[in-house]
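Novice: need a structure here:
(chains A and B)
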2 protein chains.
Amino acid sequence: MDKVITISREFGSGGRELGVKLADKLGIPFYDKELISMAADDINIAEEAFRHYDEHIVVYDPLDRQYYHAFSDVYQIPMSDQIFVAQSNVIRRLASHGPCIIVGRCADMILTDSLNLFIYAKMKDRIKRMLELESEAESDGKEMERRIREVDRKRKEYYQYYTGNTWGRAQNYHLCLDSGPVGVDGCLKAVLAYLGEEDKI
Amino acid sequence: MDKVITISREFGSGGRELGVKLADKLGIPFYDKELISMAADDINIAEEAFRHYDEHIVVYDPLDRQYYHAFSDVYQIPMSDQIFVAQSNVIRRLASHGPCIIVGRCADMILTDSLNLFIYAKMKDRIKRMLELESEAESDGKEMERRIREVDRKRKEYYQYYTGNTWGRAQNYHLCLDSGPVGVDGCLKAVLAYLGEEDKI
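Specialist: Numbers count the residues shown, from 1 in each chain, chains lettered A, B, ... in the order given. Below you'll find the model as predicted:
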């Protein structure tokens, strides 16, 4: 496999876990939240600001002012756009170094020759998976569902805002997998087989 | 694999070929156009009429009158709806007999416990595949593209009319595959691996 692999994912579907395992099988680097600090380093903006804007668009937000260079006389580009551009540059730079796996952040649309995966699952399967992963006693199903819907909404808005494409439209990706019936490990096998790496299953 | 597998497909992407090969690997029956004659037998409508209405909706069509029982005093259900119902009954009957593969005809939405695949490919890949398959000398790329768009449009309308769902929305299916980069055989390997049948690759 000589391509960069991007992973778009519904929250709770196991996209990150799939990425980590796939990177391990293929022996290539993996990037998810690492992209935040790399981009923050690049443009000298506090990592805290990056985390605030990561994968969601903020149209009216008081924080936006706080992070602006208040007295600059150049035109002020909204912080979320600055961060998108910085992350895009990091993604292109990483891709130029060779095969790797990049999770989220519109990487499928930023790169022109990547192999793009989309991982999702039914709500009940995602709630179950997240509750198993989190040991906090206060987590309940209803609260988890609210959190999943909120993160999904932000990712979807972010994707559609910066790419103009429909999030979750199968034809935007090369392989889309429901992790519900077969788990992350079942998806991993399918991705390896699709890549012609079935000897690594 | 103890489930019925349904295959939705963009025209020219190799969905039928994938179904035939998958049925062969799994040793289960395969149904595509066979559904037409089975349903026609069921309700005693000419197979020719079935072919005319197969996988597309016809809202205003002079043929509709021709196939109506002209002097019946019962309320006349449009032919395309009669055919949809007859095909749905055949699909449910086949599924009740055990695992099989069913191509198209909204089977993913008619059945409640099937495993649903969606196969697609970029237009250029589908034109190339179809031109290679068809030996007719008069086939050219432009004409093939027009034909592909026409069949896709009908299938999409039909699916959306009878299911109320968006055709090609990844989350409607368990596994969606672009046959372009890896061909039908690459998709076959991925499906087998997803099903936990990697020993059959």
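
Novice: what residues does A:G19 make contact with?
Specialist: A:I5, A:I7, A:F30, A:D32, A:I101, A:V103 (Cβ atoms under 8 Å, 6 or more residues apart in numbering or on different chains). No exception for glycine: its C-beta is placed from N, CA and C like everyone else's.

Novice: same thing with A:D113?
Specialist: Counting by Cβ under 8 Å, 6+ apart, A:D113 touches A:K3, A:V4.

Novice: by mean pLDDT, flag the weakest helix or strand of chain A.
Specialist: Lowest on mean pLDDT, DSSP states H and E among the helices and strands of chain A sits helix A:62-67, with a mean of 50.

Novice: enumerate the residues of chain A near chain B.
Specialist: Neighbours of chain B within chain A, by Cβ under 8 Å from any Cβ of the partner chain: A:10, A:115, A:118, A:120, A:168-171, A:173-178, A:180-182, A:186-187, A:189-196, A:198, A:201.

Novice: just the pLDDT for A:S80.
Specialist: For A:S80, the pLDDT comes out at 78.

Novice: where does A:L117 land in three-state SS?
Specialist: When classified by DSSP: H, G, I helix; E, B strand; the rest coil, A:L117 comes out as strand.

Novice: residues contacting it?
Specialist: The neighbours of A:L117, taking Cβ under 8 Å, 6+ apart as the test, are A:I5, A:T6, A:I7, A:S8, A:G15, A:L18, A:Y173, A:H174, A:L175, A:C176, A:L177, A:V191.

Novice: so the third one, which of the three states?
Specialist: Assigned by three-state DSSP, the conformation of A:I7 is strand.

Novice: partner residues bridging it?
Specialist: In this entry, A:I7 is beta-bridged to A:V103, A:L117, by DSSP bridges.

Novice: max-length helix in chain A?
Specialist: helix A:141-163 (DSSP state H).

Novice: skip ahead from it and say which helix or strand is next.
Specialist: Using DSSP states H and E, the helix or strand that follows helix A:141-163 in sequence is strand A:175-178.

Novice: circling back: which one of the contacts of A:L117 has the most neighbours?
Specialist: Each of the contacts of A:L117 was scored by neighbours using other Cβ atoms under 10 Å in any protein chain shown; the highest score is A:L177's, at 33 neighbours.

Novice: okay, now the unreliable bits of chain A?
Specialist: A:1, A:58-76, A:136-139 (pLDDT under 70).

Novice: can you report how many residues neighbour A:S96?
Specialist: When neighbours are counted by other Cβ under 10 Å, A:S96 comes out with 9.

Novice: sorry, back to before: for the contacts of A:G19, work out which two are farthest apart.
Specialist: A:I5 and A:D32 (12.6 Å; Cβ to Cβ).

Novice: quick check: neighbours shared by those two?
Specialist: A:G19, A:I102.

Novice: was I right to think A:F118 contacts A:S179?
Specialist: No. Counting by Cβ atoms under 8 Å, A:F118 does not reach A:S179; the two are 10.8 Å apart.

Novice: stretch A:49-57: which residues count as buried?
Specialist: Buried positions in stretch A:49-57, judged by neighbour count with 16 or more other Cβ atoms under 10 Å in any protein chain shown: A:A49, A:F50, A:H52, A:Y53, A:D54, A:E55, A:H56, A:I57.

Novice: out of these, which sit inside helices?
Specialist: Counting by DSSP H, the buried residues of stretch A:49-57 place A:A49, A:F50, A:H52, A:Y53 in helices.

Novice: which phi and psi does the nearest residue to A:K154 once chain neighbours are set aside have?
Specialist: Residue nearest to A:K154 in three dimensions, not counting chain neighbours: A:H56, with 3.6 Å by Cβ to Cβ, 6 or more residues apart in numbering or on different chains. Here is the backbone geometry of A:H56 (degrees, to the nearest 10): phi -150, psi 150.

Novice: tell me the spacing between A:H56 and chain B.
Specialist: 20 Å (Cβ to the nearest Cβ, to the nearest Å).

Novice: list the contacts of that residue.
Specialist: Applying Cβ under 8 Å, 6+ apart, the residues near A:H56 are A:S80, A:K154, A:R155, A:E157, A:Y158.

Novice: what comes into contact with stretch A:194-201?
Specialist: A:1, A:25-26, A:115, A:174-175, A:189, A:192-193, B:177, B:182, B:186-187, B:189-190, B:193, B:198, B:201.

Novice: change it to 6 Å
Specialist: A:M1, A:K25, A:L175, A:K189, A:L192, B:V182, B:K189, B:A190, B:E198, B:I201 (Cβ atoms under 6 Å, 6 or more residues apart in numbering or on different chains).

Novice: the residue nearest to A:L111 when sequence neighbours are not counted: which element?
Specialist: Spatial nearest neighbour of A:L111, chain neighbours left out: A:A95 (5.4 Å); criterion: Cβ to Cβ, 6+ apart. In this assignment (DSSP H and E), A:A95 forms part of helix A:79-96.

Novice: for that helix, which helices and strands make contact with it?
Specialist: Applying 3 or more Cβ pairs under 6 Å, 6 or more residues apart in numbering or on different chains; DSSP states H and E, one finds that helix A:79-96 contacts helix A:34-43, helix A:47-53, helix A:107-110.

Novice: how about the longest one: buried residues?
Specialist: For helix A:34-43, burial by neighbour count (16+ other Cβ under 10 Å) applies to A:L35, A:I36, A:M38, A:A39, A:A40.

Novice: what angle do that helix and helix A:79-96 make?
Specialist: Interaxial angle, helix A:34-43 versus helix A:79-96 (axes from the mean of the first three to the mean of the last three Cα atoms, to 10 degrees): 110 degrees.

Novice: and the contacts of helix A:34-43?
Specialist: With contacts defined as Cβ under 6 Å, 6+ apart, helix A:34-43 is touched by A:E47, A:F50, A:D54, A:A86, A:Q87, A:V90.

Novice: of those, just say which sits nearest to A:R129.
Specialist: A:D54 (21.7 Å).
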